[in-house]
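Asker: Structure, please.
(2 chains)
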Protein chains: 2
Amino acid sequence: MNKIYNPDPSQWLEILKRPTKTVEDIEETVSQIFSEVVKNGDAAITKYTELFDGFRPEETRVTAMEVDESRNRISQELKDAIFLAKTNIEKFHAAQKTERISVETSPGVKCWQEKRPIQKVGLYIPGGTAPLFSTILMLAVPAALAGCKEIIMCTPPDREGKVHPAILYAADLCGVTRMYKVGGIQAIAGMTFGTETIPKVYKIFGPGNQFVTVAKQLATRHNVAIDMPAGPSELLVVADETANAAFVASDLLSQAEHGADSQVILVSTSKNLIDEVEKEIENQLKDLPRKEIAEKAIANSKLIYLDNENDALEMINEYGPEHFIICTGNNDFYAENVQNAGSVFIGNYTPESAGDYASGTNHTLPTNGYAKQYSGVNLDSFMKSMTFQRISEEGIKNIGPAIELMAEAEGLQAHKNAVSLRLKELE
Amino acid sequence: MNKIYNPDPSQWLEILKRPTKTVEDIEETVSQIFSEVVKNGDAAITKYTELFDGFRPEETRVTAMEVDESRNRISQELKDAIFLAKTNIEKFHAAQKTERISVETSPGVKCWQEKRPIQKVGLYIPGGTAPLFSTILMLAVPAALAGCKEIIMCTPPDREGKVHPAILYAADLCGVTRMYKVGGIQAIAGMTFGTETIPKVYKIFGPGNQFVTVAKQLATRHNVAIDMPAGPSELLVVADETANAAFVASDLLSQAEHGADSQVILVSTSKNLIDEVEKEIENQLKDLPRKEIAEKAIANSKLIYLDNENDALEMINEYGPEHFIICTGNNDFYAENVQNAGSVFIGNYTPESAGDYASGTNHTLPTNGYAKQYSGVNLDSFMKSMTFQRISEEGIKNIGPAIELMAEAEGLQAHKNAVSLRLKELE
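Answerer: Predicted coordinates:
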């Protein structure tokens, strides 16, 4: 662990620097697979599933029978836990629904804004060691609330061609309309271009390894939107002597176990707390099953001491953490003044895990400093806002002359004509 | 003009196809200029301004004196028109402000969502033949309402190093905090990386030629967000025998004068109206100063007859027009059921020009079919939503066991530990 005391603001950028990766060589692989999927459709999907997942699928679409079976293969306790989480996520995202906003801006000029669902969305759920069924809740619940008509899910099969039952169970419970056992770049290609069996979607959501990340980025060149650019997950905790060092250590470790490249930062105005947290991390680390991963992330972690809370706040806003935990004697100060953070966890009994699973907030959040300009996934991520206007004869008389003047000043005569014709007709 | 009668749905995609462009060679130019701006800062900005705009600037920042002078160089009538437009845009965008959304999802688990302004935004305003001061209103007004702290504007100088006074006047009026006489790729590079004089921003807005468009797209690889991907402007009108053919023609022409690549489509359930509109277009085209541009766009335009309104609606949703004008005997049917459109103009006295300038809606809208998944610029475009949660001792007891179960099922032991430690402490 790197302990840093009162760094000069000129050094902050360097200290807070995230590792960057070159993606040039991945891009070539992605382009290659994209062109093959465009050309050969399902045949290309099959080819790459066999190559990357070690399984040659006859059918990539998950059958109703597989979904049925999944229900019997997970415990009632886990079903209850998933139900609680789903209920909370639904409550929080349903509250985000906005009504039509309507304004008569000038007499006779009625303008309104309405949000309508994105018709077709695709959810990508990674496979690998951890079956991230919680991510399905975070994506499918708001998609269904928004009213998306087609909610597609792609997730890679294991070498036997199976998908973890909790993934199928959660997807079915949350309203996914079609599920495919397809992963990696080929899944993103399938949802971007469409194949004989996989539908083309308008927006792709969800986490993934660096191949999936680059594939999503390149998909945006082909008329598909994505939830947000991705990077390694990260947590910044600000804590002082009122914090519980064991709790803080456990939160930092829960971030560290995600991956060796996870970003873990503690900012504190108490040197004592920093030392205690350091000890606690060493203690707790020993028994973790994902110890090796967590150790690597912790080795790159930073424990930063700053003299005062204003500096701490400024540094936090400079970093823009994905997850931001506040455990201090002055929590409101940080909560009210933080400008750049994905999701904020306040107080000793609010671990990041709560938001990862069951409190109701979304866990798909901006990393890599993107909290400065991106929202985490929310209900609006599955909708687009459209504007409408209806102008009466009185209305065009009221604003028409201003339009004529402005259009003329911009040198756009036909824009002016469209108004002049109408005004003349009303004379 | 291409008249098409009752095309088979299997042909729709081909008929509605937008022209695509290769941007490979532009990308190289952009990459080159980006690296030079990273390396040489202002010196590179100066070099490329001289190369592309034919003027070697000593100072790129607009001075207070230049802003003052601009006030005397435009007429009182134009100032009044700009003021009316600004007032309407303010009214409509201020109404989009959302309050904090707060939900206690389980007893003791308080979650809320708040929107906070993006701290630093950059607005790009093209130069060239038409001084698009209206775009400043559309971008700077919501930026100021959102509370963005730094609102930077870049716009190219003419060969004398001047900027059109209406641009400076509008920018000053609408709360732009710093203005730069820099255009093209070098302007996007300056706002993406920052130079000695141009600040780095978090999100870049605004239209531009294909060089600017590609530069904005590539900027997204360098931790900057953009408003939306861009393409040529487009208008689809649906009209029947209740429409005024002259009005419809004037609207189609106002779109056509934007550029030779503008997309202009009329969908109608009346063959008669199609013929009348065709005649009107020929008539009105003659006297346009931008006739040559408009003629080229009109040559590629499509007048499509369909037997019934359901087919018309389906085709419109398939296309997803940036601007959508409805002049029929059944306006509500289209307005209520359109799923994919940037901005909708309803009725005979609602020309697209109204929304382009002064009705209050935004004119920065998704083109190229992106209305299927992107919103036009609105107040939220200048903010990001953040979530917060505060969990009490009771709260963690309520949801803690579910979190433990789910974390364990995902194989994330440290996530579980963060909760278990707290629950143990509360025993």
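
Asker: Please name every helix or strand in contact with the lowest-mean-pLDDT helix or strand in chain A.
Answerer: Scoring the helices and strands of chain A by mean pLDDT, DSSP states H and E places helix A:9-15 at the bottom, with a mean of 86. Where contact means 3 or more CB pairs under 8 Å, 6 or more residues apart in numbering or on different chains; DSSP states H and E, helix A:9-15 is packed against helix A:309-319. No exception for glycine: its C-beta is placed from N, CA and C like everyone else's.

Asker: Check which residues of the helix it packs on are buried.
Answerer: A:309, A:311-313, A:315-319 (16 or more other CB atoms under 10 Å in any protein chain shown).

Asker: Stretch A:81-95 now?
Answerer: A:81-82, A:84-86, A:88-93, A:95.

Asker: any idea how far A:M315 is from A:T350?
Answerer: 21 Å (CB to CB, to the nearest Å).

Asker: Ignore what I typed, I meant A:S233.
Answerer: 20 Å.

Asker: cool, and A:D25?
Answerer: Taking CB to CB, one finds A:D25 at 35 Å from A:M315.

Asker: The stretch 51-200 of chain A against chain B: which residues are in contact?
Answerer: By the rule CB under 8 Å from any CB of the partner chain, the part of the stretch 51-200 of chain A lying against chain B is A:74, A:77-78, A:80-82, A:84-85, A:87-88, A:91-92, A:95-96, A:98, A:101-103, A:105-106, A:109, A:111, A:113, A:116-119, A:129-134, A:166.

Asker: ok, of those residues, which come out buried?
Answerer: Using 16+ other CB under 10 Å as the threshold, A:74, A:78, A:81-82, A:84-85, A:88, A:91-92, A:95-96, A:98, A:101, A:103, A:105-106, A:109, A:111, A:113, A:116-119, A:130-134, A:166 are the buried ones among these.

Asker: List the ones among those residues that fall in strands.
Answerer: A:101, A:103, A:105-106, A:109, A:111, A:113, A:116-117 (DSSP state E).

Asker: how far is the top helix by length along chain A from where the chain is centred?
Answerer: Ranked by residue count and defined by DSSP state H, the top helix of chain A is helix A:76-94. Taking the mean of its C-alpha atoms, helix A:76-94 sits 19 Å from the chain's own mean (CA atoms, centre = their mean, to the nearest Å).

Asker: Determine the set of other helices and strands touching it.
Answerer: Contacts defined by 3+ CB pairs under 8 Å, 6+ apart place helix A:76-94 against helix A:133-146, helix A:165-173, strand B:101-106, strand B:109-117, helix B:393-409.

Asker: a markdown table for those, including distance to B:V267?
Answerer: Shown next, in a markdown table, are the helices and strands packed on helix A:76-94 (distance: least, CB to CB, whole Å):
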| stretch | distance to B:V267 |
| --- | --- |
| helix A:133-146 | 28 |
| helix A:165-173 | 38 |
| strand B:101-106 | 39 |
| strand B:109-117 | 37 |
| helix B:393-409 | 50 |
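
Asker: Among these, which comes closest to B:Q255?
Answerer: helix A:133-146 (30.8 Å; CB to CB).

Asker: Phi and psi next, for A:L16.
Answerer: phi -90, psi 0 (degrees, to the nearest 10).

Asker: and it, how far is that from A:P9?
Answerer: Counting by CB to CB, the gap from A:L16 to A:P9 is 11 Å.

Asker: higher neighbour count, those two?
Answerer: More crowded of A:L16 and A:P9, by other CB atoms under 10 Å in any protein chain shown: A:L16, with 20 against 10.

Asker: The more buried one reaches A:E318, doesn't it?
Answerer: Yes: the pair formed by A:L16 and A:E318 meets the contact definition of CB atoms under 8 Å, at 6.3 Å.

Asker: Where do the domain boundaries of chain A fall?
Answerer: A:24-226, A:231-368, A:392-426 (automatic domain parsing).

Asker: Can you point out the buried residues in the last one?
Answerer: Residues A:395-407, A:409-423 are the ones in domain A:392-426 that count as buried (16+ other CB under 10 Å).

Asker: give me the subset of those residues touching chain B.
Answerer: Among those, chain B is touched by A:395-396, A:399, A:401-403, A:405-407, A:409-419, A:421-422 when using CB under 8 Å from any CB.

Asker: quick one: average pLDDT of stretch A:378-398?
Answerer: Regarding stretch A:378-398, the rounded mean pLDDT is 98.

Asker: Ignore what I typed, I meant stretch A:253-269.
Answerer: For stretch A:253-269, the mean pLDDT works out to 93.

Asker: Give the buried residues for that stretch.
Answerer: Neighbour-count burial for stretch A:253-269 [16+ other CB under 10 Å]: A:253-259, A:261-269.

Asker: Tell me which of the residues you listed fall in strands.
Answerer: A:263-268.

Asker: Could I get the contacting residues of the spatially most central residue of chain A?
Answerer: In chain A, the residue lying closest to the centroid (CA atoms, centre = their mean) is A:T364, at 3.1 Å. By CB atoms under 8 Å, 6 or more residues apart in numbering or on different chains, the contact set of A:T364 is A:135, A:138-139, A:205-207, A:227-228, A:376-377.
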